[in-house]
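Enquirer: show me the folded form of this:
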Amino acid sequence: MPADASAAEEPAALAGRVRSALESGDLDAIRDLLDHSARWGAPEGPGDADCRNRDQVIAWWASARAAGARAVVTEVTAGPGTLLVGLDVSGTPAAGEAGGTARRWQVLTVNGGRILDIRGFGDRAEAAAAPACLPERSPALAAGRWPSLVHHHWARPLTFTAACICWGHRPAS
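Expert: From the prediction side, this is the model:
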């Protein structure tokens with residue numbers, strides 16, 4: 001099997017698990033998807049403000065939920081070593097400024113069935129152009145196409161809250 005094919009299969013298999021965990025709001029299921037040293041932060045990261053391990057990521061989500069932020073998954077697209085996750089976020093200052101909902105994207109870098117890194121973006125084109133998503137990672141991307149293994153649109157509200165610097169909300173420490 002070509003290397004780019006196996007690299008694309010892993011995120012496709014993980015996409016369903018990610019969707020299920022996010023839709024259920026089960027923080028233990030989300031924790032199980034994260035590598036113990038998973039990082040989460042702004043697009044230009046890694047940086048000092050990043051969450052630096054899965055406990056910090058889970059604490060961030062729990063804190064944001066307690067502050068009233070909510071998200072609906074709008075898209076999960078698998079690419080080589082990545083998942084592009086679209087979210088409609090409410091209950092944050094950025095969402096309030098946008099009329100109630102702010103569209104955000106997360107690029108998840110995956111390996112070995114675990115999420116290693118999460119970068120948050122306010123623009124889908126920026127997210128799709130992130131270093132983890134660049135065409136050099138795959139001949140399919142170099143040809144201008146994402147593998148069509150997974151591309152779903154969901155409109156089911158999430159019962160958990162995800163927060164990120166790019167959402168315009170940082171829960172109190």
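
Enquirer: the helix or strand hosting Asp28: how far from the chain's middle?
Expert: Asp28 is part of helix 27-33 when elements are defined by DSSP states H and E. Going by C-alpha atoms, centre = their mean, to the nearest Å, the spacing between the C-alpha centre of helix 27-33 and its chain's C-alpha centre is 14 Å.

Enquirer: and it, what's buried?
Expert: Within helix 27-33, the residues scored as buried using 16 or more other C-beta atoms under 10 Å are Leu27, Ala29, Ile30, Arg31, Leu33. The C-beta positions use only the backbone N, C-alpha and C, and glycine is treated the same way.

Enquirer: helices and strands around the helix or strand following it, which ones?
Expert: Using DSSP H and E, the helix or strand that follows helix 27-33 in sequence is strand 34-41. For strand 34-41, the packing partners by 3 or more C-beta pairs under 8 Å, 6 or more residues apart in numbering; DSSP states H and E come out as helix 54-66, strand 114-121.

Enquirer: what about the last one, average pLDDT?
Expert: Spelled out, it's strand 114-121. Mean pLDDT, strand 114-121: 94.

Enquirer: what are the pairing partners of it, and which direction each?
Expert: Note on strand 114-121: by DSSP bridges, its sheet partners are strand 34-41 (parallel), strand 102-111 (antiparallel).

Enquirer: looking at those, which is buried most?
Expert: Comparing these by mean neighbour count (mean count of other C-beta atoms under 10 Å), strand 102-111 ranks first with a mean of 22.
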